[in-house]
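Q: when you get a sec, could you give me coordinates for this:
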Amino acid sequence: NSRGAASLLKDSIPLTDVSAAGLFEGHDLLRRGFTSVKNELLPSHPLELAEKNFQLNQDKTNFATLRNIQGIHAPLKLQMEFRAVKQVRRLPFLHSSNMAMDILRGNDECIGFEDILNDPSQSEVMGEPHMMMEHKLGLL
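A: You can find the predicted model right below:
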């Protein structure tokens, strides 16, 4: 059933992005490429889902290892700290580097792809603060 497979993939791959300009911005051909219905329904490569869920799988492995070594309290404490760090947010028009999350995961001293060639959705172009807050609050 193609609808069943599409609904399963929609849960794991976000299909629409709300950019800094909001819902009124057109499709950015230079950053996102040509649109295709097939690309929206199915991942383009079998490893794409594994790459999208890499951090989640690594966290699960680390929690299991930590539980086997130190007991149940260690992964529970770390999960509480993760949850507390995720709740702290900036205003939607300000970029956040999530440094606290990088420190908890041990990625604060690693240089990755995103440090050199940043994600286009996190560009340095700042949108209008009032419009972005109204969109986040559902007033727009």
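Q: low-confidence regions, the protein specifically.
A: In the predicted model of the chain, residues 1-25, 27, 37-43, 119-126 satisfy pLDDT under 70.
Q: now do the domain split for it, please.
A: If you go by the TED database, the domain ranges for the chain are 33-87, 91-139.
Q: packing partners for the biggest helix by length in the chain?
A: Selection of the longest helix in the chain by residue count, based on DSSP state H, yields helix 54-70. Secondary structure elements in contact with helix 54-70, counted by 3 or more Cβ pairs under 8 Å, 6 or more residues apart in numbering; DSSP states H and E, are helix 73-87. All C-beta atoms are positioned from the backbone trio N, CA, C, and that covers glycine.
Q: okay, buried residues for the helix it packs on please.
A: Judged by neighbour count (16 or more other Cβ atoms under 10 Å), helix 73-87 contains these buried residues: Pro75, Leu78, Phe82, Val85.
Q: can you check stretch 88-106 too?
A: The neighbour-count criterion (16+ other Cβ under 10 Å) identifies Pro92, Ala100, Met101, Arg105 as the buried residues of stretch 88-106.
Q: between these, which sits nearest Thr65?
A: Among the buried residues of stretch 88-106, Arg105 lies closest to Thr65 (Cβ to Cβ), at 14.0 Å.
Q: need the residues that contact the longest helix of the chain.
A: For helix 54-70, contacts defined as Cβ atoms under 8 Å, 6 or more residues apart in numbering pick out Ala50, Ala74, Pro75, Leu78, Gln79, Arg105.
Q: just the closest of those residues to Pro129, please.
A: Arg105 (29.9 Å).
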